[in-house]
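Colleague: Give me a model of this one.
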Amino acid sequence: MNGQNKRTVYADHAATVPITDRVRAAIEPFLCECFGNPSSIYRYGREASRAIFTARKQIAELFGCHPQELYFTSGGTESDNLAVKGSAFAHDHTTHGQHMVATAIEHHAVLHSLRFLERCGMDVTYVMPDTNGIISPDAVLDACRDDTVLVAVMLANNEIGTIQPIRNIADAIHEYGIPLFCDAVQGMGQIPVNPIALGADMLSLSGHKIGAPRGGGLLYVRSGTPLLPLIDGGGQEMGMRSGTENTAAIVGLSQAMQDAAAETAEHARYLRGLSDALFRALECLPHCIVNGTKDPLLRLPGNVNVSFPGLDAESMVLHLDRLGIAASAGSACTAGKAALSHVLAAIGRDDAAAASSLRFTFGRENTMDDVIYIADAVKHVTETLYAMQ
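Modeller: Sure thing, here's the model as predicted:
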């Protein structure tokens, strides 16, 4: 490949998604003329407050829940922190004598929140997945104890795309009165996401994964679920999340969620076609290992994660970038850090495979020509790097 063949391909939609035209149109008034503080009682404030009220109502109708069960946040990380830490503090401010259960492949926002609670005295059990990255409901239930106050299981993994049996897990632990928190950030727009249908007592979402601006997120909390706020101040968000609301991000989140819900089935079929084609092309390359399951019912349709043992993931990403391809070596939240993927380690990959993973995640603007270009580029890059060893 050479410079004359170079094109631009964005294939890292699990990291962030471009703002859609419909979202841009929805948020534009709240970036300029409708600038009021939603807490102000005069006209400018009432306009912003009304927009947030409408957004909350629209999302509640989408989920079939009460508007008062929805709290707007700054994104998935804050929502995860609020769910995990807020649940612990709601039971006992010291967290001593409490127990939580989580999977070993959760997002770092959940895992690091749990590490913080462990330093405060919390006891945490981490459930391991199978070699495909799937969590067994029986394993989750076996990890629970009489003093378990929360179970955290993500809907779909951000690195290898595995989809977990959330409903089965919820049914199992609810028999013992244990609430379930589900990080659903990666699922919206690719698979159906509804906290009530999933049986989740709490569920987090992030706007920038579905075409809304960065800085907007959501936490669904079923009425009656114990939770204390982490941010104190003016008492916004029904006292659960103080701070002046980001009106534009909230409006954009609502618009993006409505659009994603309406297009999920068609969008998933399209993404599945792209991913399947790339899998077929990459599996033909020497040394290629597929990470996670290829079962279409158990993997996000837009996710492709492979390893080329012996090569360095960041070197491959940079070589692909020179060819105009934006891909990832794993989670965008840990890019540039030396630690190997905890997800790949959990499914049994050795250091050589974990250090050489590439993740491609597709979106609506990708085409089959992009897939062909990516496959050719990966072939060129891996052959070049292997030859240099």
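Colleague: how does the chain divide into domains?
Modeller: As given by automatic domain parsing, the domain ranges for the chain are 3-19+264-387, 21-259.
Colleague: so which of those domains is the most packed in?
Modeller: Highest mean neighbour count among the domains of the chain (mean count of other Cβ atoms under 10 Å): domain 21-259, with a mean of 20. Heads up, the C-betas are built off the backbone N, CA and C, glycines and all.
Colleague: residue boundaries of the helices in the stretch 151-300 of the chain?
Modeller: 166-174, 195-198, 247-282 (DSSP state H, counting those that start in this stretch).
Colleague: May I see these arranged in a markdown table, with mean pLDDT and distance to V110 as well?
Modeller: Below are the helices of the stretch 151-300 of the chain laid out as a markdown table (pLDDT from 0 to 100; distance: least, Cβ to Cβ, whole Å):
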| stretch | mean pLDDT | distance to V110 |
| --- | --- | --- |
| helix 166-174 | 98 | 14 |
| helix 195-198 | 98 | 16 |
| helix 247-282 | 96 | 20 |
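Colleague: And those helices: which comes nearest T225?
Modeller: Counting by Cβ to Cβ, T225 lies closest to helix 195-198 out of the helices of the stretch 151-300 of the chain; the figure is 10.8 Å.
Colleague: same for that closest one, what does it pack against?
Modeller: Using 3 or more Cβ pairs under 8 Å, 6 or more residues apart in numbering; DSSP states H and E, the elements in contact with helix 195-198 are helix 166-174.
Colleague: Poorly predicted segments of the protein, please.
Modeller: Low-confidence segments of the chain (pLDDT under 70): 1-5, 92-97, 330-338.
Colleague: do that again at 50, thanks
Modeller: Along the chain, segments meeting pLDDT under 50 span 335-336.
Colleague: Include distance to M316 when you put the helices of the stretch 151-300 of the chain into a markdown table, please.
Modeller: Putting the helices of the stretch 151-300 of the chain into a markdown table (distance: least, Cβ to Cβ, whole Å) gives the following:
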| stretch | distance to M316 |
| --- | --- |
| helix 166-174 | 33 |
| helix 195-198 | 35 |
| helix 247-282 | 12 |
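Colleague: Kindly format the C-alpha coordinates of the helix or strand hosting T54 as CSV.
Modeller: Applying DSSP states H and E as the criterion places T54 in helix 43-63. What follows is helix 43-63, C-alpha atoms only, in CSV (Å, rounded to 0.1, in the frame of the first residue of the first chain):
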residue,chain,number,x,y,z
ARG,A,43,-38.2,33.0,30.6
TYR,A,44,-34.7,32.0,29.7
GLY,A,45,-34.5,29.5,32.5
ARG,A,46,-38.0,28.2,31.9
GLU,A,47,-37.1,27.4,28.3
ALA,A,48,-34.1,25.3,29.4
SER,A,49,-36.1,23.7,32.2
ARG,A,50,-38.9,22.8,29.8
ALA,A,51,-36.4,21.2,27.4
ILE,A,52,-35.0,19.0,30.1
PHE,A,53,-38.5,18.1,31.3
THR,A,54,-39.4,17.1,27.7
ALA,A,55,-36.2,15.1,27.3
ARG,A,56,-36.8,13.2,30.5
LYS,A,57,-40.4,12.5,29.5
GLN,A,58,-39.4,11.2,26.1
ILE,A,59,-36.8,8.8,27.5
ALA,A,60,-39.2,7.6,30.1
GLU,A,61,-41.8,6.8,27.4
LEU,A,62,-39.1,5.0,25.5
PHE,A,63,-38.3,2.8,28.5
